[in-house]
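1. this one's structure only:
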């Protein structure tokens, strides 16, 4: 059979034959490749978009088979996700500020740690849900904040 192009965890991979897949039921499977056996589970699937979310040996993978329109979509720039610009970070719950991981003037990207908030004896790390530059930090470590309080403002 011919090689196939796949997108695994955001990286393009050329696949070829040689793996043996054995289904236990509609969710669990065994994958044998180069003399090794891997145990897998289908966590999510979307046949229409050629998408699978698999757990193989306790590691989660997002797999997408490259389709005919993927190159055209990429060429037109329609594959770039829209990223929102941060305006301010509000406290999602009442709690105590444990750690502030940013400083004024720092540029943030999606997923960057902003601060840690302790609520109900659990420490919650708040992460950036967009991009921005820290303009003002309205809190300091050990401050107690109410839900909805503006903690940090962005440019």
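-> Now that the structure is in, tell me what you want to look at. Being a predicted model, the structure only gives us computed values, none of them experimental.

2. excluding its backbone neighbours, what's nearest the residue most central in space within the chain?
-> Nearest to the geometric centre of the chain sits residue 111, at 7.9 Å (CA atoms, centre = their mean). Of all residues not flanking residue 111 in the chain, residue 127 sits nearest, at 5.5 Å (CB to CB, 6 or more residues apart in numbering). (Glycine included, C-beta is placed from N, CA and C.)

3. check which helix or strand the residue nearest to the centre of the chain maps to.
-> Assigned by DSSP states H and E, residue 111 belongs to no helix or strand.

4. and if you look at residue 89?
-> Counting by DSSP H and E, residue 89 is part of strand 88-90.

5. neighbouring strands of that strand in the sheet, and parallel or not?
-> Here strand 88-90 is paired, per DSSP bridges, with strand 150-154 (antiparallel).

6. residues in contact with the strand it pairs with?
-> The contact list for strand 150-154, computed with CB atoms under 8 Å, 6 or more residues apart in numbering, reads 85-91, 97, 102, 108, 114-115, 132-139, 145.

7. do that again at 6 Å, thanks
-> Residues outside strand 150-154 that contact it (CB atoms under 6 Å, 6 or more residues apart in numbering) are 86, 87, 88, 89, 90, 91, 132, 135, 136, 137, 138, 139.

8. so what pLDDT did the fourth one get?
-> For residue 89, the pLDDT comes out at 96.

9. any idea how many residues pack against it?
-> Residues within reach of residue 89, counting by other CB atoms under 10 Å, total 24.

10. show me what the longest strand seen in the chain pairs with in its sheet, parallel or antiparallel.
-> Of all the elements of type strand in the chain, the one with the most residues (DSSP state E) is strand 36-46. According to DSSP bridges, strand 36-46 forms sheet pairs with strand 28-33 (antiparallel), strand 51-56 (antiparallel).
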